[in-house]
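Novice: for reference, the sequence and a predicted model appear below.
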Amino acid sequence: MDEIKKHIKILMDLGFESIFTEEGSAVMDIKDKEKLMSQINDQIQKCRNCDLYKSRTQAVLGEGNLNAKLMFIGEAPGGEEDKQGKPFVGRAGKLLTKLIEAAGYRREDFYIANICKCRPPGNRTPTPWEMEKCFPYLKKQIEIIDPKVLCLLGATAGRAFLNRNVAITKERGSIINWEGRTVYLTFHPAYVLRNPDAEIILFEDIRKAIQLAFQE
């Protein structure tokens with residue numbers, strides 16, 4: 001009953017006035033999730049809650065398995081993401097995909113998104129204010145997907161969730177409870193591109209996050 005109430009609240013927050021289900025069917029099936037994600041995408045494409053809309057080509061919702069047990073969350077789209085409308089498709093994204101595959105899984109097994117949906121000019125780090133304005137969209141995505149584990153990629157993503165500065169070189173590997181979900185902190189793949197010796201650490205962290213997501 002609590003799960004049903006939660007899903008109904010999500011639907012109401014996104015503008016649904018009536019909800020019809022067949023007897024015995026789940027309130028939040030995959031078609032419901034697709035519809036809700038499409039609504040969020042419509043919202044972010046029109047969003048002007050901060051100035052990042054002024055320089056974007058398009059907002060980037062995220063992509064992947066809408067029933068994923070694990071979400072990978074970065075800070076914001078880069079240049080390629082802004083062009084293609086997909087998350088983590090540049091050099092950092094290719095590294096993330098490689099490490100997921102090295103762990104024995106496919107990128108498509110998980111959901112990948114960012115804190116901010118629009119690219120900051122010059123790929124700068126998004127400001128706390130920009131993240132605060134965008135975070136409600138991500139929170140709705142998390143509620144819809146309902147993952148067991150959130151793997152936060154980098155200090156900026158960590159700050160958005162924990163509301164404090166995160167020293168990622170010291171705190172990576174930390175496991176934290178956030179609103180009843182497991183949060184796992186690790187490096188952003190872009191950091192590893194600048195520090196190749198950290199690749200094995202990121203790989204082990206990704207593997208650990210996957211294990212946490214699938215363990216009973």
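Specialist: All right, it came through fine.

Novice: could you point out which element follows the lowest-mean-pLDDT helix or strand in the chain?
Specialist: Least confident element among the helices and strands of the chain, by mean pLDDT, DSSP states H and E: helix 2-13 (a mean of 63). Under the assignment DSSP states H and E, the closest C-terminal helix or strand after helix 2-13 is helix 30-46.

Novice: average pLDDT for that next one, rounded please.
Specialist: Throughout helix 30-46, pLDDT has a mean value of 97.

Novice: same for it, what does it pack against?
Specialist: Applying 3 or more CB pairs under 8 Å, 6 or more residues apart in numbering; DSSP states H and E, we find helix 30-46 packed against helix 2-13, helix 128-145. Heads up, the C-betas are built off the backbone N, CA and C, glycines and all.

Novice: make it 6 Å
Specialist: Helix 30-46 is packed against helix 128-145, with contacts defined by 3 or more CB pairs under 6 Å, 6 or more residues apart in numbering; DSSP states H and E.

Novice: which positions in the helix it packs on come out as buried?
Specialist: Across helix 128-145, burial judged by 16 or more other CB atoms under 10 Å covers 130-131, 133-134, 137-138, 140-145.

Novice: from these, which is closest to Phe110?
Specialist: The shortest approach to Phe110 among the buried residues of helix 128-145 belongs to Ile145, at 9.8 Å (CB to CB).

Novice: distance-wise, check His188 relative to Ala157.
Specialist: As for His188, its distance to Ala157 is 8 Å (criterion: CB to CB, to the nearest Å).

Novice: settle it for me: which of the two has more neighbours?
Specialist: The neighbour comparison of His188 against Ala157 (other CB atoms under 10 Å) goes to Ala157, with 29 against 22.
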